[in-house]
Structure formats: structure tokens, C-alpha cells
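In: The following block contains a protein sequence and its predicted model.
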Amino acid sequence: MNWEPLLLTFKLAFITTLLLLLISIPLCYWLAYTKSRVKPIVETLVSMPLVLPPTVLGFYFLVVFSPNNALGNWLDTVIGIKLLFSFPGLVIASILYSLPFMVHPIQSGLAGIPHSLKEAAYVMGKSKLATLLHILLPNIKPSLLTGIVLSFAHTIGEFGVVLMIGGNIPGETKVASIAIYDEVEALNYSAANFYSLVLFAITFCILLMVYLINGGYLKKSVK
Amino acid sequence: MIVLHIQKKLQSADGTMLLDLNLKIKKGQLVTLYGASGAGKTSTLRMFSGLLPPEKGNITVNKVTWFNSDKKINLKPQLRKIGYVFQDYALFPHMSVKQNLEFALQKNQPKDIIQELLTIMELDKLQNRKPDTLSGGQKQRVALARALVQKPEILLLDEPLSALDTEIRIKLQNYILRVHKKYHLTTILISHDIGEIYKLSDWVFVFQNGIIAQEGKPSEVFTDKKLSGKFKFKGEVLAIEKDDVVYIVSVLIFNEIVKVIAQESEIKNLSPGDTVLVASKAFNPIILKVE
């Protein structure tokens, strides 16, 4: 069996989730505490991938990063990065596509922490960063876990965006969901079944873990 | 000496209210802010600690300017070195009692203060417990101890005892007095309990609709009206029974049934179901019909 599409899928999901976490924490911190008027607009943009067909995202991605375009051309010739039909391009598109799955849990987690915890740390002389790292984040562990796992699982399950901008390059952009489509097209059902079954089992286990941990089922058995 | 001269518009339930304060607090005093909910007491503490910016005015502490709207000075809460006990205690749920205290340590501050405070507040046995396993009074003690770790000169207490029952309240009042004296603190307390204010404070500011309506020693401020030695309650007559030459009137006051002795002349107009006023002058309760 060819494991490459599966490994590529998990590599993509892992990198996407990691970058997404680093982006989302400051973004959520801003969203949770800002009084800016721009906030509803930013919230809307973050949530758009939930309702928009992935093909729309993919289409604009194609347009913007096409080498025939100023930005795509600049990236290609000056920086030397090709974002279309390449792994880095997939990562960027996946980050946009899974953004709401990371942002929503973390934002509502932060908003649910009483303000007095933050303020208590401030009057103790702690900086905003120290307060975020030592007080806020440890108190939203379930939200962080939910965000991480949902983004990871959602990236594994992505198809439309990859099809539009990634294509079907083995080892570069041919992830498992594409491989399944490909094998079915080729009437190679046993290979399609293999990929599908692995994806099914892994996503089931990942989601089950979240519900077990956040539901406190594992804690009880430890006691 | 603390000088607080500030103005701030506050959003309250009945629209906007202008908080306009001018108060001076002497070093080492324990003062109380007293007044109805929404009169601006908590906002005052928050502005003093830097958590809420005032619109106009200045705050000076021992001749150092903490806030000045004209000079655009606004010292960050991190730099004001204030001990603040929040109304909801604000204990960090993921840390044990001891870790809560340790988090409050300043850079390079020796750790011995932790053990000292744990002992003073009698928290030794609880030091490894998480906050959600503690009772209200215990949480309060942790919050008070934690506020003192950074050795502040000023301690702010936002209704620290309102959620506790009487016995624990008295104990905690003693803790507050003890640390106030031991660490030579200037303490600002918010309280609704006149008895508590009498016991603890040197000076009281009475807040009313955003201004200080009255200030003075507790004995001066409260003696006129509120502690007149007379008490009166409204109640409902449940029954009137004759007993020899007098009558016994059973009156329901809140959830208690009170028996009051009355003369025949007093019960003439009374019948069960009437609303009455039961008042006591020294040892001689009299009963008057209201409706």
C-alpha cells in the first residue's frame, strides 16, 4: 500500500495546526478584549470559511497567487516561493480554511474567564504577556484542546481547497482525500477503501479523545 | 497621604451617573467606603488601582502622581504596588493556595514572606489545596494573604466579607485588623455593614449618587439616624388572644412570629390580617396600627 498520501495529510494537518495555534492566540486575545468597532468585521471574516464553499476560497487563492498576477509574480521572482500547486500554498490555504475551528473555542474560552483574574495579576505587577501565559492560557486548556483537535481533524478532512489549488502532485499536494477521489476515478476501490478506512478510524479516535478529556471521563477513572 | 480628585461618567442601571470625588486619606488609616450599590464605590477602587481610567482629575500617593489628566500621566496598575482583594476573590483556579501566593512574588523577592503569610492567615494546612475545594471564608483568607505578598503599602478590599456568615466575618475582621497594623498598611475597605465599619475603620466616606455625601468618624456619621437605639418592624397580625387582663398579639415579621403584649385599648381596632408597626423604645414595646 502507498502510505505517502496519508503521511502527507498528517504532515499538512500538523504544520497547519501548529501555525494556526500561534496565529490564533494573539488574534483571540485581541477579539476577546477589544472594544474596537472593527471587531464584528474581523469576526465575520474569521467565520466565513464555515459557510463559504471551499471552492470559493480556492478560486480566489488561484487568482491572487497566480504568477500572472502582481503578488504571485513578486512572490515567485523576488522571494522565490510558488504558492500554487505546492505544499506551502496548501499550508496557507489550510490555515485560512480551518481558522474558525481554532479561533472560536479559544475566543469563547478567553471571554469566559472572569476579568478579575487578569486584573488580579496586573495589580500584582505581572505584565500582559506573563498574565496570558501563566493565568489565561492554563485556564482555557479544554478550549485549546478543542481548537487544536478540531483544526487538525478539519484539515485532514479538507478536499475542495486542495483540489482547487493543490492539484494532485504525489508527495507534494496529493493528500489522502484527493487520493481517495483519484482511486475511485480509476475504479481502484480497494485502495480507496484503504485510505478511507484509515481516515475514518483516525478521525474517530481523535474526536473521541476530545470528548473523553473535556467531558472529564478520563479524570474519574484516574481517581 | 492619598489624594484622590477624580471625575468619571459611569453607566448605571438608571442611565449615566457622574462620579465626582475629592477625598484625602491619611497614611496608616483604615477607611471605609459606604453607600448603596451602584454609588461608585467599586469604580473608585478600580480607578485608584489603575484598572479603570478616570476622565479627569488627579491621584497622588505620598506626593507621587499616579494619575493626572492634564499632564497625561497614568501609571500602569503593575507599577502602583497595591494589594487588591476582589469581591469574587479572583483566586487562580489552576494553582494551589501556595502557588497562588507564589505567583504574586515580585522579581527577586525572597520567598520567606509566603510562609509568614500562610502562618498569619492560618493557611498552613490548606496550602496544597486548589481554590475550588475551599470554603468562602478560606478563599477570602487566601485572597487577603495573596494581596499582601508583594508587601504593598496600600490594601484595597472590595466588600471582602459580604458573602460570609457572621461567625467567619468576625474572625476575618480580626485578620484584617491584624495585618493592617502589622504591615503598617493604608487600607480602603468597601462595606455595607455598619457594625463592621464601627469595629474596623478610622474614617468613613458615605457615597451617594457618585459624590461623597458625608465623611467622618464612624461614630459621628452613623449615630444620628441609623443607630438610634430604637427599632421598628412592619408585620402582619396573625392572632389576638386574651390572657388574664392583657392581650397577646402574634405578629409575623419577615419569617418570625413575635408575641407582643397589648392593652385592651391598643387592640380595639386590630384584627388578624392587619398590617402593624411593632416598635420598641428601650424596654417598652408599643404597637401601632398602620392600615
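Out: Yes, it's here.
In: And the pLDDT at the closest residue to B:L105 other than its chain neighbours?
Out: Spatial nearest neighbour of B:L105, excluding adjacent residues (C-beta to C-beta, 6 or more residues apart in numbering or on different chains): B:V149 at 6.0 Å. All C-beta spots, glycine's among them, are computed from the backbone N, C-alpha and C. pLDDT for B:V149: 94.
In: Share the number of residues neighbouring B:V149, please.
Out: Neighbour count for B:V149, taken as other C-beta atoms under 10 Å in any protein chain shown: 22.
In: If I follow the layout properly, it ends up in contact with B:L101?
Out: Yes - applying C-beta atoms under 8 Å, one finds B:V149 in contact with B:L101, separated by 5.4 Å.
In: what do the two both touch?
Out: Listed as contacting both B:V149 and B:L101 by C-beta atoms under 8 Å, 6 or more residues apart in numbering or on different chains are B:114, B:117.
In: any idea how far chain A is from B:Q138?
Out: Relative to chain A, B:Q138 is positioned 17 Å away (C-beta to the nearest C-beta, to the nearest Å).
In: which ones are touching that residue?
Out: Taking C-beta under 8 Å, 6+ apart as the criterion, B:Q138 is in contact with B:123, B:126.
In: Can you tell me the element B:S250 falls in?
Out: In this structure, B:S250 sits in strand B:246-253 according to DSSP states H and E.
In: and that strand, which strands flank it?
Out: Using DSSP bridges, the strands paired with strand B:246-253 are strand B:231-243 (antiparallel), strand B:256-262 (antiparallel).
In: in the first one, what's buried?
Out: Judged by neighbour count (16 or more other C-beta atoms under 10 Å in any protein chain shown), strand B:231-243 contains these buried residues: B:235, B:237, B:240.
In: who does the first one bridge with?
Out: Read that as B:G235. B:V276.
In: tell me the contacts of it?
Out: B:G235 neighbours (C-beta under 8 Å, 6+ apart): B:251-254, B:258, B:275-278.
In: Just the pLDDT for residue 51.
Out: Reading this off chain A. 91.
In: Actually, chain B is the one I wanted.
Out: Looking at B:L51, its pLDDT stands at 94.
In: need the contact list for it.
Out: B:L51 neighbours (C-beta under 8 Å, 6+ apart): A:119, A:122-123, B:77.
In: go with 7 Å
Out: For B:L51, the contact set (C-beta atoms under 7 Å, 6 or more residues apart in numbering or on different chains) comprises A:119, A:122, B:77.
In: tell me which of these is nearest to B:T133?
Out: Nearest to B:T133 out of the contacts of B:L51 is A:E119 (C-beta to C-beta; 23.7 Å).
In: Tally up the residues packed near whichever residue of the stretch 1-150 of chain B sits closest to chain A, please.
Out: Using C-beta to the nearest C-beta, the closest approach of the stretch 1-150 of chain B to chain A is made by B:A90 at 3.8 Å. B:A90 is flanked by 26 other residues according to other C-beta under 10 Å.
In: was I right about it contacting A:A120?
Out: Yes - B:A90 is in contact with A:A120 according to C-beta atoms under 7 Å; the separation is 4.0 Å.
In: which of the contacts of B:G235 tops the neighbour count?
Out: Busiest of the contacts of B:G235 [other C-beta under 10 Å] is B:V251, holding 24 neighbours.
In: check contacts around it.
Out: Counting by C-beta under 7 Å, 6+ apart, B:V251 touches B:235-238, B:258, B:260, B:276, B:278.
In: Among the residues you listed, which one sits closest to chain A?
Out: Closest to chain A, out of all of the contacts of B:V251 and judged by C-beta to the nearest C-beta, is B:G235, at 40.4 Å.
In: A:T44: neighbour count?
Out: A:T44, neighbours per other C-beta under 10 Å, totals 9.
In: Now it: which helix or strand?
Out: Using DSSP H and E, A:T44 falls in helix A:39-51.
In: coming back round to it: what's the ChimeraX line that selects buried ones from the contacts of B:L51?
Out: In ChimeraX, a selection of the buried entries from the contacts of B:L51 looks like this (16+ other C-beta under 10 Å):
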select /A:119,122 /B:77
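In: Kindly reformat the contacts of B:L51 as a markdown table containing secondary structure.
Out: A markdown table is the format used below for the contacts of B:L51 (DSSP: H, G, I helix; E, B strand; the rest coil):
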| residue | secondary structure |
| --- | --- |
| A:E119 | helix |
| A:Y122 | helix |
| B:P77 | helix |
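In: Just confirm B:L200 contacts B:Y175, I think it does.
Out: No - B:L200 is beyond contact range of B:Y175, at 10.9 Å (criterion: C-beta under 7 Å).
In: Have a look at these two and say which one is more surrounded.
Out: B:L200 (23 against 18).
In: What residues does the nearest residue to B:Q127 once chain neighbours are set aside make contact with?
Out: Counting by C-beta to C-beta, 6+ apart, B:K98 is the residue found nearest to B:Q127 once chain neighbours are left out, at 4.2 Å. Residues in contact with B:K98 (C-beta under 7 Å, 6+ apart) are B:114, B:127-128.
In: of those residues, buried ones?
Out: Using 16+ other C-beta under 10 Å, the buried members of the contacts of B:K98 are B:114, B:127.
In: Torsion angles phi and psi at B:Y34?
Out: phi -120, psi 140 (degrees, to the nearest 10).
In: ditto for A:G167
Out: phi 80, psi -140.
In: And for it, the neighbour number?
Out: Neighbour count for A:G167, taken as other C-beta under 10 Å: 16.
In: In this structure it contacts A:T173, no?
Out: Yes - using C-beta under 7 Å, A:G167 is in contact with A:T173, at 5.5 Å.
In: what do those two both touch?
Out: Taking C-beta under 7 Å, 6+ apart as the contact rule, A:G167 and A:T173 both touch A:F85.
In: what's the pLDDT at A:F159?
Out: Predicted confidence (pLDDT) for A:F159: 89.
In: That one: what's it in contact with?
Out: A:S177 are the contacts of A:F159 under C-beta under 7 Å, 6+ apart.
In: lowest confidence element among the helices and strands of chain A?
Out: helix A:217-222 (a mean of 61; mean pLDDT, DSSP states H and E).
In: B:A239 is in contact with B:D274, isn't it?
Out: No - between B:A239 and B:D274 there is no contact, the gap being 11.4 Å when judged by C-beta under 7 Å.
In: hey, what's in contact with both of the two?
Out: Contact with both B:A239 and B:D274 is made by no residue, according to C-beta under 7 Å, 6+ apart.
In: sorry, back to before: show me what contacts the residue of the stretch 1-150 of chain B closest to chain A?
Out: B:A90 sits next to A:114, A:116-117, A:120, B:143 when contact means C-beta under 7 Å, 6+ apart.
In: Rebuild the residues you listed as CSV, extending it with distance to A:W74 and secondary structure.
Out: Output for those, formatted as CSV (distance: C-beta to C-beta, whole Å; DSSP: H, G, I helix; E, B strand; the rest coil):
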residue, distance to A:W74, secondary structure
A:P114, 47, coil
A:S116, 48, helix
A:L117, 45, helix
A:A120, 48, helix
B:A143, 56, helix
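In: and A:V46, what is it in contact with?
Out: A:99-100, A:103.
In: how about 8 Å then?
Out: By C-beta under 8 Å, 6+ apart, the neighbours of A:V46 are A:27, A:31, A:99-100, A:103-104.
In: go on, B:S96?
Out: Contacts of B:S96 by C-beta under 8 Å, 6+ apart are B:127-130.
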